[in-house]
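**Q** here is a sequence with its predicted model. Questions after.
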Number of protein chains: 2
Amino acid sequence: MGLSVAHVVMKLGIRADADQVTIDATTLFVALLCACIVIGHLLEENRWFNESITSLLIGLATGTIILLTSGGRSSRVLEFDEQLFFIYLLPPIIFNAGFQVKKKQFFRNFMTIMLFGVIGTLISFAIIAVGASQLFKKLNIAFLEMGDYLAIGAILSATDSVCTLQVLNQDETPLLYSLVFGEGVVNDATSVVLFNAIQKFDVSNMNSGIVWQFLGNFLTLFITSTLLGIIIGLLSAYIIKKLYFGRHSTDREVALMALMAYLSYVMAELFDLSGILTVFFCGIVMSHYTWHNVTESSRVSTKHGFATLSFIAEIFIFVYVGMDALDMEKWSFVSKSPGKSIGASSVLLGLVLVGRAAFVFPLSFLINLSKKSHSEKIEFKQQVTIWWAGLMRGAVSMALAYNKFANSGHTQVPGNAVMITSTITVVLVSTLVFGMITKPLVRFLMPPAMHSSSMVSSEPSSPKSFILPLLGSRDNSEADTGSPTIPRPTSLRMLLRTPTNTVHLYWRKFDNAFMRPVFGGRGFVPYIPGSPTEMSVPLLNH
Amino acid sequence: MGLSVAHVVMKLGIRADADQVTIDATTLFVALLCACIVIGHLLEENRWFNESITSLLIGLATGTIILLTSGGRSSRVLEFDEQLFFIYLLPPIIFNAGFQVKKKQFFRNFMTIMLFGVIGTLISFAIIAVGASQLFKKLNIAFLEMGDYLAIGAILSATDSVCTLQVLNQDETPLLYSLVFGEGVVNDATSVVLFNAIQKFDVSNMNSGIVWQFLGNFLTLFITSTLLGIIIGLLSAYIIKKLYFGRHSTDREVALMALMAYLSYVMAELFDLSGILTVFFCGIVMSHYTWHNVTESSRVSTKHGFATLSFIAEIFIFVYVGMDALDMEKWSFVSKSPGKSIGASSVLLGLVLVGRAAFVFPLSFLINLSKKSHSEKIEFKQQVTIWWAGLMRGAVSMALAYNKFANSGHTQVPGNAVMITSTITVVLVSTLVFGMITKPLVRFLMPPAMHSSSMVSSEPSSPKSFILPLLGSRDNSEADTGSPTIPRPTSLRMLLRTPTNTVHLYWRKFDNAFMRPVFGGRGFVPYIPGSPTEMSVPLLNH
């Protein structure tokens, strides 16, 4: 490791140029993030804009200004650094996603989510890879190796769940939200695993053995990553319950939760697992057990603290991508043959659209076949929304593209330059154009009036589902799990008709009998009833 | 800036060794931080240990284990990096200090704090520098240049407010706490400015002109840094009040507060000001105005969120210093002449003790002369506590020492090696030995029973001061400022006798008439009375 301390020039007035640049860049970035929050707040009621689009546009605008003032040399003050993205920015976003997700909805639709997330991503990958290799040759755009086409397939099948989730509303469209959101997380994991598998395997002699090997790897990875997240989540619940931190310090509880969540991510990365999956399930377990073991202040602080971290990371990524997109070095190679670049981008955008349509509609059809009740089926309008909501490409695609095409020898190779700029174009166009249409489209396809009636999915008879979301209670889907007696599905007919509910019933029995007594959770940690604890929850506006 | 993206090897399973090391180190560090929290919690009732000592010991133990397993090569997994310390770890600690400080106490003792923090630090600096130069020559320890002696004086006059504040209790000993704490912040700023001044000036021909120049620089720096912090704090209050973020999103409010606080720090550093002072005053202004303009959830979240960040940064620093202390490269040069190293460390430790005594007792005497009422005077026992509480040296000293003595050419020069190891020894001994004695000493000097009677300082007649701290209300010192009429000091005699209170009275009039209507604050932002907002505050255990 060496003594790099000695090389680090200290900043404190005596700092050298390199550090001044860091401070410059940090100041600019922090100021931009503040601007994004304020402008995003002002544009909140606007039907076209959302926070990601605003941030992306602010990033682009700043990039343009820097480009002009620097005389066309550079548009960036910070380089796009995959490590920054994967180690610092992605974990809080995914953890918060797991922490805030409505668990009941998520697990009820688990099979659908897995179908979309794994099989869907593989279909999308295959269509983009094969389509690009055929069309690029036909249109004489670029000549890449087979491995490059496979990589571009994996890169462009990574959807951007961040942008999508800002458009949908968890309370208005719970089924849709959980499907799109759950697919996003599984999709992230699948595409990253797929990308790594392609980089590792010798693609020239691909055979069925390798396909099985890949599937085996993927399953192992999925299960071990999930288990690691669950174990660390349970450990945090056990430690906090056993040592009863709440009696002493809220700060300690919050710190321990945040650190253990991050620990799950870095441990997964250390063991070459999928940190995304691990930290997501750690978030789910923490919100189910640990969150109920801490003080009321810790609950409020973690809920909003984690959401804030995730929020800052999200806008940071979009500003970052926006600024990086205008970097001239990449575009200078492409500008010699602009037609090819536009052609490649158009082909890829088209393939993204087709690739997603090719799995959303057929898989929805298959899923609908397996559902008996009408209310459980995915309507056509919902299918269109799912298709559209997952069209955006974002920072994961960017990071993977940089890794593949700008890794060893810059973007000096023309083929690589075309791939990088095409990826950037796809990211920008999909986020800006598709993203802007999303809000009006969702409003058009499912006006607010019909949400509550068609979207409550498998529990249409429960009046709770209507009232609790209005109160803003965070865990409304769990409101009844505290009571040890479970009154619902009693008849055999109902058990047979709703197998997911049966699994859920057994899980709740198991949870109440074995898990909660050990790890705590709602109803298993004493707190004074009627105290401000209970009263203040509905008043916490998000 | 270059295209360092291209050089960054991505981590995601395909990572190279360098990144594996980063992930290794991150995982180890996060795990250690979790361990520190749990062990610190278990040892909380112990009379000798506190969180910093525990963290330092865990760092030392881990360093030893790594040292043994690596065969004596290195004890560190992360190098001590001043930039990490000054850009990421110090700002949250200082900001949180300003955010949580009892403002009334702080400003009431402002002159005393400035005397201790500025004049005291200069006295301590002079004694350590002159003493070291004389004693080192006499004891034949090392031959350093004049600039080195001045630097070691500045390095070792930076007290460690982090460690001190864990021992004292803000509610039990408010006067003492505000003195020690306020001195710590001003001391940090003074010693860093002093250090920079020494590095810049040509010390060989020092004359009175340079001294005046230094004083002028310091005053300018102090005032501009403070103003910048106040302006950014007020700006945050104005934005949040004007745009009424609370109606929309807690996360946005929390994010904006955190980002603007950090912005104040990096802007100060960018303009070559003292970021420490800026972020501290930004914290004070934010807690006085901005904090009252946000939703109840935002208040809880920021209070505990910022405290948690500060808490994590603190234990991180101590683990870091502990691990770094065992790095062999530094010690290998010293081990050839252990006597000299021990001699130097002992001399410096002695000078630290004497240097602090040389200003605490005389300055306390001067301050007591100016105070009429007995309750306002600093008793001898309190003087001893102030003296003792500021003996610890910490991460600021380490960072400055690395900057001076390990900057250009490692610790290869024997003189530099002695200075680095002596600084580490002083930091370790003062934190471990002095730190362990602090808790019992404070208990002995001022047993809990006498605190409340002798420590309420200039407001002995107000019964509020006794009740409110027990309720745990965060801003108890301000509880009465919301009402526009101020009943206390009415007679001229009282106004003359308590000039600080008079200033405070005018400030409050000004605050209520001009500041609060614009920037918000307690009582100037509507919230429903009798709501859980008010009820839940006393229940928020810290």
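**A** Yep, it's here. Numbering: from 1, shown residues only, chains lettered A, B, ... in the order given.

**Q** pretty sure A:L445 sits against A:Q383.
**A** No - using C-beta atoms under 8 Å, A:L445 makes no contact with A:Q383, being 9.9 Å away. Quick note: C-beta positions are derived from backbone N, CA and C, even for glycine.

**Q** mind checking how far the closest residue to A:G233 other than its chain neighbours is from A:K381?
**A** Computed as C-beta to C-beta, 6 or more residues apart in numbering or on different chains, the closest residue to A:G233 that is not its neighbour in sequence is A:V285, at 2.7 Å. Per C-beta to C-beta, to the nearest Å, A:V285 is found 34 Å from A:K381.

**Q** name the residues of the longest helix along chain A that are buried.
**A** Counting residues, the longest helix in chain A under DSSP state H turns out to be helix A:208-243. Across helix A:208-243, burial judged by 16 or more other C-beta atoms under 10 Å in any protein chain shown covers A:214, A:218, A:221-222, A:224-226, A:228-241, A:243.

**Q** stretch A:86-97 too?
**A** A:F86, A:I87, A:L89, A:L90, A:P91, A:P92, A:I93, A:I94, A:F95, A:N96, A:A97.

**Q** chain neighbours aside, what residue packs nearest to the fifth one?
**A** Right, the one you point to is A:P91. Spatially, and ignoring its direct neighbours in sequence, A:P91 is nearest to A:Y265 (4.4 Å; C-beta to C-beta, 6+ apart).

**Q** what is the burial count for that neighbour?
**A** Neighbourhood size, A:Y265 [other C-beta atoms under 10 Å in any protein chain shown]: 32.

**Q** residue contacts, it?
**A** Shown in contact with A:Y265 (C-beta atoms under 8 Å, 6 or more residues apart in numbering or on different chains): A:P91, A:F95, A:G275, A:T278, A:V279, A:C282.

**Q** and if we set it to 6 Å?
**A** For A:Y265, the contacting residues are A:P91, A:G275, A:V279, by C-beta atoms under 6 Å, 6 or more residues apart in numbering or on different chains.

**Q** what does A:Y238 give?
**A** The neighbours of A:Y238, taking C-beta under 6 Å, 6+ apart as the test, are A:F519.

**Q** one more time with 8 Å
**A** Neighbour list for A:Y238: A:V518, A:F519 [criterion: C-beta under 8 Å, 6+ apart].

**Q** so A:V285 and A:K381 - more neighbours on which side?
**A** Shown here are A:V285 and A:K381; by other C-beta under 10 Å, A:V285 has more neighbours (27 against 15).

**Q** distance check, the more buried one against A:K103.
**A** Applying C-beta to C-beta, the value for A:V285 to A:K103 is 10 Å.

**Q** same check, this time on A:I378
**A** Using C-beta to C-beta, we find A:I378 at a distance of 20 Å from A:K103.

**Q** same thing with A:L122?
**A** According to C-beta to C-beta, A:L122 stands 26 Å off from A:K103.

**Q** and what of A:S225?
**A** Taking C-beta to C-beta as the measure, A:S225 falls 18 Å from A:K103.

**Q** roughly how far is the helix or strand that contains A:H292 from the heart of the chain?
**A** According to DSSP states H and E, A:H292 maps onto helix A:291-293. Computed by C-alpha atoms, centre = their mean, to the nearest Å, the chain-centroid distance of helix A:291-293 equals 24 Å.

**Q** swap in stretch A:52-60?
**A** 18 Å.

**Q** now do stretch A:222-231
**A** 17 Å.

**Q** who touches that stretch?
**A** With contact meaning C-beta under 8 Å, 6+ apart, stretch A:222-231 is reached by A:189, A:264, A:267-268, A:271, A:273-275, A:277-285.

**Q** could you redo the last one with a cut-off of 7 Å?
**A** By C-beta atoms under 7 Å, 6 or more residues apart in numbering or on different chains, the residues outside stretch A:222-231 that reach it are A:S264, A:M267, A:A268, A:L273, A:S274, A:L277, A:T278, A:V279, A:F280, A:F281, A:C282, A:V285.

**Q** the fifth one is in contact with A:A189, isn't it?
**A** If I follow you right, that is A:S274. Yes - with contact defined as C-beta atoms under 7 Å, A:S274 counts as touching A:A189 (4.6 Å).

**Q** contact residues of the stretch 151-300 of chain A facing chain B?
**A** Within the stretch 151-300 of chain A, the residues that sit near chain B (C-beta under 7 Å from any C-beta of the partner chain) are A:192, A:196, A:199, A:239, A:243, A:245, A:248-252, A:254-256, A:258-260, A:262-263, A:266-267, A:269-270, A:272, A:295-298, A:300.

**Q** switch to 6 Å and redo it
**A** Counting by C-beta under 6 Å from any C-beta of the partner chain, the positions of the stretch 151-300 of chain A adjacent to chain B are A:196, A:199, A:243, A:250-252, A:254-256, A:259-260, A:262-263, A:266-267, A:269-270, A:272, A:297, A:300.

**Q** now, of the residues you listed, which are buried?
**A** A:196, A:199, A:243, A:250-252, A:254-256, A:259-260, A:262-263, A:266-267, A:269, A:272, A:297, A:300.

**Q** sorry, back to before: just the ones of the residues of the stretch 151-300 of chain A next to chain B in strands?
**A** Using DSSP state E, no member of these sits in strands.

**Q** just the ones of those residues in helices?
**A** Among those, DSSP H puts A:196, A:199, A:243, A:250-252, A:254-256, A:259-260, A:262-263, A:266-267, A:269-270, A:297, A:300 in helices.

**Q** quick one: stretch A:424-442 near chain B?
**A** No - Stretch A:424-442 stays clear of chain B (C-beta under 6 Å from any C-beta), getting no nearer than 12.6 Å.

**Q** ok, stretch A:25-45 next?
**A** Yes - Stretch A:25-45 reaches chain B (C-beta under 6 Å from any C-beta) through A:T26, A:T27, A:V30, A:A31, A:L33, A:C34, A:I37, A:H41.

**Q** in terms of pLDDT, where does the residue nearest to A:P91 sit?
**A** Looking at A:Y265, its pLDDT is 94.

**Q** now swap in A:V118 and tell me
**A** 87.

**Q** kindly provide the distance from it to chain B.
**A** From A:V118 over to chain B the distance is 18 Å, taken as C-beta to the nearest C-beta, to the nearest Å.

**Q** and what of A:I152?
**A** The spacing between A:I152 and chain B, counted by C-beta to the nearest C-beta, is 16 Å.

**Q** helix or strand: which one has the residue lying closest to that residue once chain neighbours are set aside?
**A** The spatially closest residue to A:I152, leaving aside those adjacent along the chain, is A:A132, at 5.7 Å (C-beta to C-beta, 6+ apart). Assessed by DSSP H and E, A:A132 sits inside helix A:121-138.

**Q** hmm, who's touching that helix?
**A** Contacts to helix A:121-138, defined as C-beta under 6 Å, 6+ apart, come from residues A:142, A:149-150, A:152-154, A:156-157, A:187, A:190-191, A:347, A:351, A:355-356, A:358-359.

**Q** average pLDDT for the helix or strand following it?
**A** Sequence order places helix A:146-156 as the next helix or strand after helix A:121-138, per DSSP H and E. The average pLDDT within helix A:146-156 is 88.

**Q** and the angle from helix A:146-156 to helix A:121-138?
**A** Put simply, helix A:146-156 runs at 130 degrees to helix A:121-138, going by axes from the mean of the first three to the mean of the last three C-alpha atoms, to 10 degrees.
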